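**Student:** sequence first, predicted coordinates after that:
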2 protein chains.
Amino acid sequence: MADHIEPKLASGFKDYLPEDMIPRQEMFDKIRAVFENFGFVPLDTPGLEKDEIITGGDPDFKMNVWHASIKDDSEKMALRFDLTVPLARVIAGNPDIKKPFKRYQIGKVWRGERPQAGRYREFVQFDADTVGSASILADAEIIAIMNATMTTLGISNFLIRVNNRKILNGLAEYADFSSDKNSAVLRAIDKLDKQGWDKVSAELCDAKIGLTLEQAGAIKRFVDLRVDTPTETLDAVEALMVKSPTAMNGISELRELTSVVRTMGVPDEKWKIDLSVARGLGYYTGPVFETVLTDILEIGSVFSGGRYDGLVSKFSSQSIPATGASVGVDRLFTALSKLGLIKQKKSVSKAIVMCLDRSVQEQCLLAVSKMRTAGISSEMFFDYSKSLKDQLGYASNREIPLGVIIGTEELEKNIVKIKDLRSGDQKEIAIDNLVTEIKKLI
Amino acid sequence: MADHIEPKLASGFKDYLPEDMIPRQEMFDKIRAVFENFGFVPLDTPGLEKDEIITGGDPDFKMNVWHASIKDDSEKMALRFDLTVPLARVIAGNPDIKKPFKRYQIGKVWRGERPQAGRYREFVQFDADTVGSASILADAEIIAIMNATMTTLGISNFLIRVNNRKILNGLAEYADFSSDKNSAVLRAIDKLDKQGWDKVSAELCDAKIGLTLEQAGAIKRFVDLRVDTPTETLDAVEALMVKSPTAMNGISELRELTSVVRTMGVPDEKWKIDLSVARGLGYYTGPVFETVLTDILEIGSVFSGGRYDGLVSKFSSQSIPATGASVGVDRLFTALSKLGLIKQKKSVSKAIVMCLDRSVQEQCLLAVSKMRTAGISSEMFFDYSKSLKDQLGYASNREIPLGVIIGTEELEKNIVKIKDLRSGDQKEIAIDNLVTEIKKLI
């Protein structure tokens, strides 16, 4: 029997060691700068909420959420599975918040996923949402943010796919079946890529859904629409679905969106209307968006969202429109690492002071203090019993660019040695010039 | 019956709305800059860990932790109650990490506290720890970080209180009682401020602890030590506890610490040795630290820690020394708000474009895009059906400094109006000079 506890994470959970966490944090900073550039303000909400908030009071809530409890407290609590439901709760609970309310939020979320490659049970979302505006401009701005975020992260090969739930919800009117079958029909269509039309058609016409062959044929004409530019796509779908007022409404929204998105500076080749985009979450009511990296499509969308005009009214007698999207930070980070767009980094220090003797400890401490006061991230190797070789080995392993060597000899001459660990170059400088010299070298 | 779910948080949980979250995030950024200035690197670990990691496999674990579960999975999981235990787990599980390992981490932690004023069930900690150095320099550096953090946050009235667990653990040797009574004795002493000596003495001599009057008298001489400078305090406690090798060891560590802390630039008046500081957590083994704000002592310590040389060995056959401290971010934020050192802020936007007519929408969109491209955080009011007065009201409520007004008249003359919402001044400028003018005004 081991005399200690195995230091293991449960499956589906992940640590970020510094070499990944440094670039990951740079990624967070960049996303935050984009969101703030668009005027979005930060919000923070707890990871744990009342169970009824998270599940919407639905005992048959479909998502497998984490429930949490403590001793001597019977209140049912759950971990949030996204940042959108808590936002809706905040809006409903704080009626004084001025609308439109444009907020961003970064935070961990938890889901009871079956652990598998690329699926985590805990992951970070980074959301931007506009609450209290029914304007299609708010949706277009989310697309503009998606474009700006990807561009700022140095990603050139991406595509934002846009659709409108109203077009999908219009399928019932268009193909003339009862609207309560709509979600079953959408779920069947969603399998098209994997199963092919024959199987999907069979499912549409089976006892459970029960479409006629004619109705299924209408669906086929819809899924067969293969067009290119937003305008062409909208023209084609309008010609097909003219019988459905719901779809017509959705099409007209996307027409306005198309012109606005261009004015907002999103290049035409960076986004398209894709009628197959549905986005799983039940709460979407209008335009929906997702962002794929075209070099690594298999990982799925890294930045997705849509309009959800009904969510706030779960928590309030007021109905408040809202739209937004969420960066799947962990998935995006994994993708960028695979694409070589993330550079691991082991250190934030620009310089490390090597201390070689107890008698020079004070000078070493003063040197590192001076650099820090001058704003140079730096550290000192505390263990003077270690050889210079060992200390240099530690510094180069951690990829610290500059070593400052202070020994008894150096101290007598009032000098220090600076070793550039990238080139191996070394020079002696007067101890008083330390900060100036280091600043030149970094 | 309400037709919607009450949008309420469970007690002990808290939202941070933007007006608080903006300065709070500025506080995070400042702390992070200090930690990185000292060469500490970021780490991230999950909020949820295996139960045995969090409780150390102890079925009688004293802290009331949150347990979490999902359907169809029997693995026992718990929410972390601090960031130190996960750090020890990371160190044990990744033996290749080069030591000393200096990491910082910011994250939410959860405790089953009885909700009361200023006690949260979920709060953010911001930790800096050095793992793999037994040097007292590492402890001194934590004190230097505490000093630098408080100073950087603009706090001038603070005091870092330092003690050494070894001195407290030496009480048994000094007062000649069995060392297994040590923690009961410390708990009794801890009540001195509230209960006075007579009650504490009675508890020390009762059946449960069972000290003799003579032993209790020795304890009284210890708690009565009232001295001032670190050196005077250490001289006095050394004279008193000379019989205890454990205490002598602790005193000699603090002597070295005293000289080093000064060299590191921590002003003498910002820290003192306080023999009453114990810090609750069981894992501390050496120097312990806490930081109080002297204008608001009642909130307790806002930045605390200590050396914990035994924690990693819970998860590893190796024993690895470690020291560090944790900012209690929420408590600190509450304190700084009370002291008026936090300025609420409702917006990050420097300018808002007011759109007054559908016909100028395109120009408005182009104006906001241009400003954003130039790095000016800005937004646009999307609803042109609202009057200029309404739009200006929204902008000033959100404390956005500049309004950009584009109407049909302005557009004909190729001009825009800029209204400074702080002063009320307004001027007309050529539309092409928008970015230049805005930059001048912010």
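**Tutor:** Good, I have the coordinates.

**Student:** list, one by one, the residues from the stretch 201-350 of chain A near chain B.
**Tutor:** By C-beta under 8 Å from any C-beta of the partner chain, the part of the stretch 201-350 of chain A that sits against chain B consists of A:260, A:263-265, A:313-317, A:346-349. Using the backbone N, CA and C atoms, a C-beta is placed for each residue, glycine as well.

**Student:** of those residues, just the buried ones, PyMOL syntax please.
**Tutor:** Buried members of those can be picked out in PyMOL with the line below, counting by 16 or more other C-beta atoms under 10 Å in any protein chain shown:
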select buried, chain A and resi 260+263+264+314+315+316+347+348+349
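
**Student:** ok, and what's touching the worst-scoring helix or strand of chain A on mean pLDDT?
**Tutor:** For chain A, counting by mean pLDDT, DSSP states H and E, helix A:192-195 ranks last in confidence among helices and strands (a mean of 83). The contact list for helix A:192-195 (C-beta atoms under 8 Å, 6 or more residues apart in numbering or on different chains) reads A:200, A:223, A:276.

**Student:** what helix or strand is the spatially most central residue of chain A on?
**Tutor:** Centrality entry for chain A: nearest residue to the mean C-alpha point is residue A:327, 2.2 Å, by C-alpha atoms, centre = their mean. Here residue A:327, judged by DSSP states H and E, is contained in strand A:322-328.

**Student:** how much space separates the closest residue to residue A:44 other than its chain neighbours from residue B:81?
**Tutor:** With C-beta to C-beta, 6 or more residues apart in numbering or on different chains as the measure, residue B:16 is the residue that lies nearest to residue A:44, at 4.0 Å, once sequence neighbours are left out. Counting by C-beta to C-beta, to the nearest Å, the separation of residue B:16 from residue B:81 is 21 Å.

**Student:** which of the residues in the strand holding residue A:327 are buried?
**Tutor:** By neighbour count on 16+ other C-beta under 10 Å, the buried set for strand A:322-328 is A:322-328.

**Student:** for stretch A:376-392, same thing?
**Tutor:** Going by neighbour count (16+ other C-beta under 10 Å), the buried part of stretch A:376-392 is A:376-384, A:386, A:391-392.

**Student:** same deal with stretch A:102-116?
**Tutor:** Of the residues in stretch A:102-116, A:102-113 count as buried by neighbour count, 16+ other C-beta under 10 Å.

**Student:** related to what we said a few turns ago, mind listing what's buried in the helix or strand just after the least confident helix or strand of chain A?
**Tutor:** Using DSSP H and E, the next helix or strand after helix A:192-195 towards the C-terminus is helix A:197-205. By neighbour count, with 16+ other C-beta under 10 Å as the criterion, the buried positions of helix A:197-205 are A:200-201, A:203-205.

**Student:** who does helix A:197-205 touch, helix- and strand-wise?
**Tutor:** If contacts are counted by 3 or more C-beta pairs under 8 Å, 6 or more residues apart in numbering or on different chains; DSSP states H and E, helix A:197-205 sits against helix A:182-189, helix A:213-223.

**Student:** run the chain-centre distance for that helix.
**Tutor:** Taking C-alpha atoms, centre = their mean, to the nearest Å, the mean C-alpha location of helix A:197-205 is offset from the chain mean by 35 Å.

**Student:** what segments of the stretch 201-350 of chain A are helices?
**Tutor:** In the stretch 201-350 of chain A, the segments counted as helices under DSSP state H, counting those that start in this stretch are A:213-223, A:230-241, A:245-263, A:329-338.

**Student:** can you add mean pLDDT and distance to residue A:8 and give those helices back as a markdown table?
**Tutor:** Compiled in a markdown table, the helices of the stretch 201-350 of chain A are given as follows (pLDDT from 0 to 100; distance: least, C-beta to C-beta, whole Å):
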| stretch | mean pLDDT | distance to residue A:8 |
| --- | --- | --- |
| helix A:213-223 | 94 | 46 |
| helix A:230-241 | 95 | 49 |
| helix A:245-263 | 96 | 47 |
| helix A:329-338 | 92 | 19 |
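
**Student:** residue B:146 is nearest to which of those?
**Tutor:** Each of the helices of the stretch 201-350 of chain A was checked against residue B:146 via C-beta to C-beta, and the shortest separation belongs to helix A:329-338, namely 30.9 Å.

**Student:** could you check the angle strand A:322-328 makes with the closest one?
**Tutor:** Between helix A:329-338 and strand A:322-328, the angle formed by their directions is 50 degrees, by axes from the mean of the first three to the mean of the last three C-alpha atoms, to 10 degrees.

**Student:** ok, residues contacting the helix or strand that helix A:329-338 is followed by?
**Tutor:** The C-terminal neighbour of helix A:329-338 among helices and strands, as given by DSSP H and E, is strand A:351-355. Counting contacts by C-beta under 8 Å, 6+ apart, the residues outside strand A:351-355 that touch it are A:361, A:364, A:367-368, A:371, A:376, A:378-384, A:388, A:391-392, A:394-395, A:398, A:400-406, A:438, A:442, B:39.

**Student:** quick check: phi and psi at residue A:105.
**Tutor:** In terms of degrees, to the nearest 10, the main-chain angles of residue A:105 are phi -150, psi 140.

**Student:** distance of it from chain B?
**Tutor:** Using C-beta to the nearest C-beta, to the nearest Å, one obtains 9 Å as the distance from residue A:105 to chain B.

**Student:** and the residue of the stretch 301-442 of chain A nearest chain B?
**Tutor:** Using C-beta to the nearest C-beta, the point where the stretch 301-442 of chain A gets nearest to chain B is residue A:379, with a distance of 3.1 Å.

**Student:** so what's that residue up against?
**Tutor:** Each residue near residue A:379 by C-beta under 8 Å, 6+ apart is listed here: A:349, A:351-353, A:368, A:400, B:38-39, B:102.

**Student:** so what's it closest to, chain neighbours aside?
**Tutor:** Spatially, and ignoring its direct neighbours in sequence, residue A:379 is nearest to residue B:39 (3.1 Å; C-beta to C-beta, 6+ apart).

**Student:** in three-state terms, label the one you found for me.
**Tutor:** Residue B:39 carries the three-state label coil when classified by DSSP: H, G, I helix; E, B strand; the rest coil.

**Student:** surely residue A:18 and residue B:39 touch.
**Tutor:** No. With contact defined as C-beta atoms under 8 Å, residue A:18 does not count as touching residue B:39 (11.2 Å).

**Student:** quick one: the helices in the stretch 51-200 of chain A, in order.
**Tutor:** Ranges of helices within the stretch 51-200 of chain A are A:51-54, A:84-93, A:136-152, A:165-169, A:171-175, A:182-189, A:192-195, A:197-205, based on DSSP H, counting those that start in this stretch.
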